[in-house]
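Chemist: Sequence first, predicted model second:
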Amino acid sequence: MINEFLNITMEQEQAIHKARKRIIEALGKNMDLYGVTLSTGLLYGLMLFQNKPMTLDEMGEAMEMSKTSMSTGIRTLVDLNMVNKVWEKGSRKDKYEVERDWHQTFTDFFVIKWRKAVEMNLQALRKSISELEAMSAKHTDEEPLQSYLESDIEKMKHAVSYYLWLDRLIDTLESGDIYKLVPKEQP
């Protein structure tokens, strides 16, 4: 409870709790849009308002969920670099805290997701282009087939150019050069 640490009224504590809950729920729903489960998003929101690292037991108690569920959620958040495992002197249990730099969290999250998509799609496109070009080379005298193949190859090469652009955008995020184009807002 907040009022144990601050000299505030129950009404003030409820207002703070309501404001935090609204943000936690919004973060949970927002994370869901990006392929992270709602419960993991809610866990992230809960941890955001903690002023100290949390154990899985503490998370489970606060979220009223099992330690197994907390473990799965925290693993996802660690993998996305949104939460860091921290060492605390005298504690045998693993503790975790939210990465406070939201710009870095955004960068890490999208770089991970987009890099995987770029690699997967470029591999598929390049293989398909190669196969269709080989087919085209075998059937040079068949005009309707040539037109059909050329049309597909052109569409695929257009997609390749998009993914190469996205790869450069990812590089811009990773290097921090994005902030030269779109400066960070200062609180």
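Modeler: Received, thanks.

Chemist: Show me the strands in this structure, by range?
Modeler: In the chain, the segments counted as strands under DSSP state E are 83-86, 95-98.

Chemist: Would you mind finding the most buried of the ones you listed?
Modeler: Among the strands of the chain, ranked by average contacts under mean count of other C-beta atoms under 10 Å, first place goes to strand 95-98 (a mean of 19). C-beta here means a position set from N, CA and C on the backbone, and glycine is covered the same way.

Chemist: So which bits of the top helix by length along the chain are buried?
Modeler: Counting residues, the longest helix found in the chain (DSSP state H) is helix 102-138. For helix 102-138, the neighbour count (16 or more other C-beta atoms under 10 Å) marks 105, 107-111, 114-115, 118, 122, 125, 129, 132, 136 as buried.

Chemist: Next one: the most centrally placed residue in the chain from residue 182, what distance?
Modeler: Centroid check for the chain by C-alpha atoms, centre = their mean gives residue 109 as the closest residue, at 3.1 Å. Going from residue 109 to residue 182 by C-beta to C-beta, to the nearest Å gives 17 Å.

Chemist: And for the residue nearest to the centre of the chain, nearest residue in space, chain neighbours not counted?
Modeler: residue 80 (5.3 Å; C-beta to C-beta, 6 or more residues apart in numbering).

Chemist: same thing with residue 76?
Modeler: Counting by C-beta to C-beta, 6+ apart, residue 40 is the residue found nearest to residue 76 once chain neighbours are left out, at 5.2 Å.

Chemist: if I pick that neighbour, what's in contact with it?
Modeler: Applying C-beta atoms under 8 Å, 6 or more residues apart in numbering to residue 40 gives the contacts 31, 72, 73, 76, 77.

Chemist: ok, the second one to residue 43 distance?
Modeler: Counting by C-beta to C-beta, the gap from residue 72 to residue 43 is 10 Å.

Chemist: Next: the last one.
Modeler: Counting by C-beta to C-beta, the gap from residue 77 to residue 43 is 7 Å.

Chemist: Neighbour count: those two, which is higher?
Modeler: Set side by side, residue 77 and residue 43 show more neighbours around residue 43, with 32 against 23, by other C-beta atoms under 10 Å.
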